[in-house]
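model the structure of this input:
(chains A and B)
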There are 2 protein chains.
Amino acid sequence: MNEQSGRTEISSLGEFKLIDLLTQNTEIKHAATLKGIGDDAAVVDHSHLVSVISTDMLVEGVHFDMMYTPLQHLGFKAIAVNVSDICAMNATATQVLVSIAISNRFSVEALEALYEGIHHACQYFDVDLIGGDTTTSLKGLVISVTVIGEANESDIAYRNGAKPGDLICVTGDLGAAYCGLQLLEREKQIYLENPEIQPDLENKKHIVGRFLRPEARKDIITYFKEHGIKPTSMIDISDGLSSEILHICKQSACGAIIYEDAIPIHEETYQQATKFNIDPLVCALNGGEDYELLFTVDESMGEKIAQHAGISVIGKITDKASGTFLKTRNENLFKIEAQGWNSFPDQQ
Amino acid sequence: MNEQSGRTEISSLGEFKLIDLLTQNTEIKHAATLKGIGDDAAVVDHSHLVSVISTDMLVEGVHFDMMYTPLQHLGFKAIAVNVSDICAMNATATQVLVSIAISNRFSVEALEALYEGIHHACQYFDVDLIGGDTTTSLKGLVISVTVIGEANESDIAYRNGAKPGDLICVTGDLGAAYCGLQLLEREKQIYLENPEIQPDLENKKHIVGRFLRPEARKDIITYFKEHGIKPTSMIDISDGLSSEILHICKQSACGAIIYEDAIPIHEETYQQATKFNIDPLVCALNGGEDYELLFTVDESMGEKIAQHAGISVIGKITDKASGTFLKTRNENLFKIEAQGWNSFPDQQ
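Numbering: from 1, shown residues only, chains lettered A, B, ... in the order given. As a prediction, this is how the structure comes out:
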């Protein structure tokens, strides 16, 4: 380590020592993890359960901005968004593999902070870190996470099982992460123009937290299990409610009606959106990155769903010919169109 | 598509259409793949077998140079190097997930070429493409592949089971990929200095092919099964023989002696190394990227191993106190030290 700067160059360690350093605190908790880090591959025994697998890639400058993203939070988020995909299958996440590509702009200390967040998330979501890859990049940081989960095959909720009459439900509240991102972007601009001004994030804990350190709704999957609820379809909200309900309608070959006044929006989201002259409803519909669950259940489940204060019934599945609409407070109908987040903007 | 250039911008398609285009030819062949691409996660049922999982990240400018890497070959190689890790566990690869991050320098046609190689490799190695992620990068191409395999738990070969007296074996020949890389690098320099000169790759098919389109030795795993051979330890040679034998010795708590004259080196490798004034032995020991298998077996397996023309017995496992040595043709002993490929060079 360079004593003066507190910065250790990655090149001073080499690949194997770096991996040792970053993974030395790795605990294996699941009996199903027969072999974790340290061989050509990890070995997992899900026994009579099926394996559920998903992968996500986070790229600096595309998915996160290092100016306002603490590395611990980034590590946590990289795990959380993957665990969220497993929740969306009504399955339990059990293992993760984490690959990173890093430029020499990052110090060993920066990577330790990133892995602090990763280890914390593994503990929080009860998943074992069982492998990965560590390499250089020519520019910036790339994090690729693969998550493995397990479930009884009959419990799995796909996107294609919704049927007319089913209740459409969401967990938590929507649009918060988008407002958090807008706020962080504004504070970044102010800072760039005048580095003397401190960011004003008072009373914005909910929206900023939702963007920087999202939850994966593992608790909801537990609630389903405990109450004998099986969603007929489910998806996690990464691209926005509009985009996700259309996925369910397309794959289930059905239509839907969503009631504007039933969409849960947090007070902070409402205030911040209004301050930015954005319709809070638009944040909820198109904002994305909320990582709440959107699911459908048979009407008969209505009472059990109502018992959970954190789940809102926001609409009903209709037949395919009826299309997919939003019914506003004043009874107008608007066709729902996908306006989710697009990671391929024109970069000309 | 821009008719004049034959180039379609990725931004003209958007994420979902791009994914559809790249994955439309995806075939699911394994009964164990219950759900592939198209939901929040894939679902796999390995039934009474255990799952074996590995992941690798390839970064442009670090692991490959677009100047001499055809995209079809790159797609193939990204799958092959992952399948190789599953082979090194004495397991059978069954599924892959492929994530890519791409800058707008790449056209849709370029990505189609990449996926042509990926699909070809999936067919060749009999693995199902079951998921992934597609996103933008600020610079260059990043490919992250996760591979899943299956095995009877009792068949798995870890790195830690070698014991004194075991035979040390390698498949195929070593050092070829390194010589191929050196040759391609030289041709690139010549081309950069004078673009009129055509690359001279006559009679270099073996070494160039080994670097650009490596094999994963699935055939060897089949041979083991058919002949009742279970390696006591196994690893694939990605960083060079020296580095890999040290991994086995460290994890198995043993020593080893390797005989120089038993190390298999291809005629082309020998010639090219000599032409470059590099000792062919150094290529074999430290070259890396050969993706052959290094394994140990009980002495009693000697005859069965000898029946396979593509496997060489190159040494013997000794006790830990004896250390790890190379015995040269003239009976000198050299301590083996790790000099494998380091992806974290000092980038100052």
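
can you pull out the helices in the stretch 1-150 of chain A?
For the stretch 1-150 of chain A, applying DSSP state H, counting those that start in this stretch gives helices covering A:15-23, A:71-87, A:108-124.

got these as CSV, with mean pLDDT, mean neighbour count and distance to chain B columns?
Every C-beta, even on glycine, is put in place using the N, C-alpha and C of the backbone. Shown next, in CSV, are the helices of the stretch 1-150 of chain A (pLDDT from 0 to 100; neighbours: other C-beta atoms under 10 Å in any protein chain shown; distance: least, C-beta to the nearest C-beta, whole Å):
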stretch, mean pLDDT, mean neighbour count, distance to chain B
helix A:15-23, 82, 17, 5
helix A:71-87, 97, 25, 4
helix A:108-124, 94, 20, 11
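
and the closest residue to A:Leu71 other than its chain neighbours, how close does it get to A:Ile100?
Leaving out its chain neighbours, the residue that sits closest to A:Leu71 by C-beta to C-beta, 6 or more residues apart in numbering or on different chains is A:Ala113, at 4.0 Å. Distance, A:Ala113 to A:Ile100, using C-beta to C-beta, to the nearest Å: 13 Å.

for A:Ser300, same thing?
46 Å.

the more surrounded of these two?
The neighbour count for A:Ser300 versus A:Ile100, taken as other C-beta atoms under 10 Å in any protein chain shown, is higher for A:Ile100 (26 against 9).

which residues pair with that one across the strands?
When assigned by DSSP bridges, A:Ile100 has beta-bridge partners A:Thr134, A:Ile143.

tell me the contacts of it?
By C-beta atoms under 8 Å, 6 or more residues apart in numbering or on different chains, the contact set of A:Ile100 is A:Leu111, A:Leu114, A:Gly132, A:Asp133, A:Thr134, A:Thr135, A:Leu141, A:Val142, A:Ile143, A:Ser144, B:Met57.

so which of those wins on neighbours?
A:Ser144 (33 neighbours).

test my guess that it contacts B:Ser144.
Yes. Using C-beta atoms under 8 Å, A:Ser144 is in contact with B:Ser144, at 3.8 Å.

so what sits against both of the two?
In contact with both A:Ser144 and B:Ser144: A:Thr55, A:Met57, A:Ser99, B:Thr55, B:Met57, B:Ser99, using C-beta under 8 Å, 6+ apart.

list the residues that contact the residue sitting nearest the centre point of chain A.
Centrality entry for chain A: nearest residue to the mean C-alpha point is A:Val81, 3.0 Å, by C-alpha atoms, centre = their mean. With contact taken as C-beta under 8 Å, 6+ apart, A:Val81 is in contact with A:Asp56, A:Leu58, A:Val145, A:Pro214, A:Ala216, A:Ser238, A:Tyr291.

got a pLDDT number for the fifth one?
A:Ala216 is assigned a pLDDT of 97 by the prediction.

helix/strand/coil for it?
coil (DSSP: H, G, I helix; E, B strand; the rest coil).

any idea how many residues pack against it?
Neighbour count of A:Ala216, defined by other C-beta under 10 Å: 27.

likewise the first one?
Other residues near A:Asp56 come to 23 when the count uses other C-beta under 10 Å.

one more: the third one?
Using other C-beta under 10 Å, the number of residues around A:Val145 comes to 32.

for the fourth one, same thing?
Other residues near A:Pro214 number 23, with proximity taken as other C-beta under 10 Å.

any idea how far the residue nearest to it when sequence neighbours are not counted lies from chain B?
Among residues not flanking A:Pro214 along the chain, A:Tyr291 sits closest, at 4.4 Å (C-beta to C-beta, 6+ apart). The gap separating A:Tyr291 from chain B is 11 Å, by C-beta to the nearest C-beta, to the nearest Å.

likewise A:Gly175?
21 Å.

what about the nearest residue to that residue once chain neighbours are set aside, which helix or strand?
With C-beta to C-beta, 6+ apart as the criterion, A:Gly175 has its nearest non-adjacent residue at 3.2 Å, and that residue is A:Cys283. Element membership of A:Cys283 [criterion: DSSP states H and E] is helix A:280-286.

now, the most widely separated pair of the contacts of A:Val81?
A:Leu58 and A:Ala216 (14.7 Å; C-beta to C-beta).

same for the helix holding A:Cys283, what does it pack against?
For helix A:280-286, the packing partners by 3 or more C-beta pairs under 8 Å, 6 or more residues apart in numbering or on different chains; DSSP states H and E come out as helix A:176-193, helix A:241-252, helix A:267-275.

ranking those helices by burial, who's on top?
Ranked by mean neighbour count under mean count of other C-beta atoms under 10 Å in any protein chain shown, those are led by helix A:241-252, which reaches a mean of 22.

is it up against chain B anywhere?
Yes. Using C-beta under 8 Å from any C-beta of the partner chain, helix A:241-252 reaches chain B at A:Gln251.

could you point out which element follows that helix?
strand A:255-259.

tell me what angle that following strand forms with helix A:241-252.
Put simply, strand A:255-259 runs at 150 degrees to helix A:241-252, going by axes from the mean of the first three to the mean of the last three C-alpha atoms, to 10 degrees.

how far off centre is strand A:255-259?
24 Å (C-alpha atoms, centre = their mean, to the nearest Å).

just checking, what packs against it?
helix A:241-252, strand A:311-318, strand A:324-327.

which neighbours does it have in its sheet, and in what orientation?
In the sheet, strand A:255-259 lines up with strand A:311-318 (antiparallel), strand A:324-327 (parallel) (DSSP bridges).

need the ones you listed in TSV (columns: mean pLDDT).
Output for the strands paired with strand A:255-259, formatted as TSV (pLDDT from 0 to 100):
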stretch	mean pLDDT
strand A:311-318	98
strand A:324-327	96
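
burial measure for A:Pro195, as a count.
With other C-beta under 10 Å as criterion, A:Pro195 counts 8.

and it, how close does it get to A:Glu185?
16 Å.

not counting stretch A:64-80 itself, show me its contacts.
So stretch A:64-80 is contacted by A:56, A:58, A:60, A:96, A:98, A:110, A:113-122, A:124-125, A:127, A:141, A:143, A:145, A:147, A:184-185, A:187-188, A:191, A:212-216, A:291 (C-beta under 8 Å, 6+ apart).

in PDB, list the C-alpha atoms belonging to it.
The C-alpha atoms that make up stretch A:64-80 are tabulated as PDB, following Å, rounded to 0.1, in the frame of the first residue of the first chain:
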ATOM      1  CA  PHE A  64     -24.400   3.200 -12.400                       C
ATOM      2  CA  ASP A  65     -22.500   6.500 -12.000                       C
ATOM      3  CA  MET A  66     -19.500   6.300  -9.700                       C
ATOM      4  CA  MET A  67     -20.000  10.000  -8.800                       C
ATOM      5  CA  TYR A  68     -23.000   9.200  -6.600                       C
ATOM      6  CA  THR A  69     -22.800   5.400  -6.100                       C
ATOM      7  CA  PRO A  70     -21.000   4.200  -3.000                       C
ATOM      8  CA  LEU A  71     -19.200   1.000  -3.900                       C
ATOM      9  CA  GLN A  72     -20.700  -0.900  -0.900                       C
ATOM     10  CA  HIS A  73     -24.200  -0.100  -2.200                       C
ATOM     11  CA  LEU A  74     -23.300  -1.100  -5.700                       C
ATOM     12  CA  GLY A  75     -22.100  -4.500  -4.500                       C
ATOM     13  CA  PHE A  76     -25.300  -4.900  -2.500                       C
ATOM     14  CA  LYS A  77     -27.400  -3.800  -5.500                       C
ATOM     15  CA  ALA A  78     -25.700  -6.200  -7.900                       C
ATOM     16  CA  ILE A  79     -26.700  -9.100  -5.700                       C
ATOM     17  CA  ALA A  80     -30.200  -7.700  -4.900                       C
END
